[in-house]
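> sequence and predicted structure are below.
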Amino acid sequence: MLHFKSHFEFNKPQRSGILFVCALIVGLLCVLQFYSPQPSLLLDICSPHIVKQQAYVDSLRKEALEKKKPKRYPFNPNFISDYKAYTLGLTPLEFDRLFRFRSSNKWIHSIADFKEVTKVSDSLLAIIGPLFKFPDWVVKSKAASAQKSVSVGLSYTDKTDLNTATQIQLQKVRGIGPALSARIISYRDKLGGFSVDKQLQNVWGLSQQVVANVLAGFTVKTPNQIKQIAINTASVSDIATIPGISFDFAKEIWEFRILRQKIESLSELKKIEGMTTSKYALIELYLHIQ
């Protein structure tokens, strides 16, 4: 049988040692109970070097994923199969509309035709539309038709309101594709609506010829009202609110006015270095002499 010695059978130094060991054990248990050590990171993942390397790895991963994506090639929308329609994202109802249209021996000749027949959404059409490839004779015929419409032009009544025009309508204009039509609408939304036709010249990427092509069939019929700024009392911040005018250029206009104490005619602003004809035409709409 095991025989346990009584505490009092040990001498005083032994008893003190036993009590010290017990107290140490209790103390360690308390430390483990109430203290949770925080792990220390051996690697600082926020350091500039690690962040740079991680960005590089992420770019390689993104590039690898892009290579794995199936490539899309141009195609004639008149010969879309049901499986092709499924891979493009068309609904069965949209494909049925196209199938019935083609079954009647009719042909799709443009993105606008495809939109009208299938009733597909603008968001999907913006993705698949650039992939449409039509025969050369269709392309040449469209170009000739567009050139003819530009040379003849339309009356004000027959023109479409530039503030309600859709991307599909704008893409019928020669020189306007999905990117430029989206850019026109984006700039229109930024302005809250066009006020005059010449604001179209401030859309980046539009040449004078393309602007003329657009205005041959479109015009502003519901103008957005512009709140004009008094040039002789305007601050730099006020002038910088004009769309298309940077803060630095607004500061140049303000300094030009300060040097002259007062602007008698807005045409004086043409003397500012860097003031182009298009910029002057823009700010002329937003400034006035009080």
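Thanks, I have the structure now. Numbering: from 1, shown residues only.
> so for residue 105, what's the pLDDT?
On the pLDDT scale, residue 105 is placed at 80.
> SS state for it?
The three-state label given to residue 105 by DSSP: H, G, I helix; E, B strand; the rest coil is coil.
> tell me the domain boundaries of the chain?
Structurally, the chain divides into domains by automatic domain parsing as follows: 77-134, 153-219, 229-288.
> which ones are touching residue 23?
Neighbour list for residue 23: empty [criterion: CB atoms under 8 Å, 6 or more residues apart in numbering]. For glycine as for every other residue, the C-beta is placed from the backbone atoms N, C-alpha and C.
> run the chain-centre distance for whichever strand or helix holds it.
Per DSSP states H and E: residue 23 is located in helix 12-34. Its chain's C-alpha centre and that of helix 12-34 lie 68 Å apart, by CA atoms, centre = their mean, to the nearest Å.
> after it comes which helix or strand?
helix 48-68.
> CA atoms only: put the very next helix or strand once past that following helix into PDB for me.
Where DSSP H and E defines the elements, the next helix or strand beyond helix 48-68 is helix 82-88. What follows is helix 82-88, C-alpha atoms only, in PDB (Å, rounded to 0.1, in the frame of the first residue of the first chain):
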ATOM      1  CA  ASP A  82     -29.100  28.400 -79.800                       C
ATOM      2  CA  TYR A  83     -25.900  27.300 -78.000                       C
ATOM      3  CA  LYS A  84     -24.000  30.400 -79.200                       C
ATOM      4  CA  ALA A  85     -26.900  32.500 -77.900                       C
ATOM      5  CA  TYR A  86     -26.600  30.800 -74.500                       C
ATOM      6  CA  THR A  87     -22.800  31.400 -74.300                       C
ATOM      7  CA  LEU A  88     -23.400  35.100 -75.300                       C
END
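> what is helix 82-88 packed up against?
Other helices and strands packing on helix 82-88, by 3 or more CB pairs under 8 Å, 6 or more residues apart in numbering; DSSP states H and E, are helix 92-103.
> tell me what the helix it packs on is packed against?
helix 82-88, helix 111-118.
> I'd guessed residue 90 sits against residue 120; true?
Yes. Contact criterion CB atoms under 8 Å: residue 90 and residue 120 qualify, at 6.5 Å.
> just put the domains of the chain in a markdown table and tack on mean neighbour count and distance to residue 14.
A markdown table is the format used below for these (neighbours: other CB atoms under 10 Å; distance: least, CB to CB, whole Å):
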| stretch | mean neighbour count | distance to residue 14 |
| --- | --- | --- |
| domain 77-134 | 15 | 86 |
| domain 153-219 | 16 | 89 |
| domain 229-288 | 14 | 85 |
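> which of those domains sits closest to residue 61?
Of all the domains of the chain, it is domain 77-134 that lies closest to residue 61, at 23.6 Å by CB to CB.
> now do stretch 170-178: distance to the chain's middle.
19 Å.
> following element in sequence after the helix or strand of the chain with the lowest mean pLDDT, please.
Within the chain, no helix or strand scores below helix 136-152, which has a mean of 52 by mean pLDDT, DSSP states H and E. Per DSSP H and E, the first helix or strand lying C-terminal to helix 136-152 is strand 160-161.
> quickly run through the sheet partners of that following strand, with directions.
Next to strand 160-161 in the sheet, as set by DSSP bridges, lie strand 218-219 (parallel).
> nearest the geometric middle of the protein, what residue?
residue 186 (8.8 Å; CA atoms, centre = their mean).
> tell me the secondary structure at that residue.
Secondary structure assignment for residue 186 (three-state DSSP): helix.
> how about low-confidence regions in the stretch 1-150 of the chain?
With pLDDT under 70 as the threshold, the stretch 1-150 of the chain has low-confidence stretches at 1-9, 37-45, 69-70, 72, 136-150.
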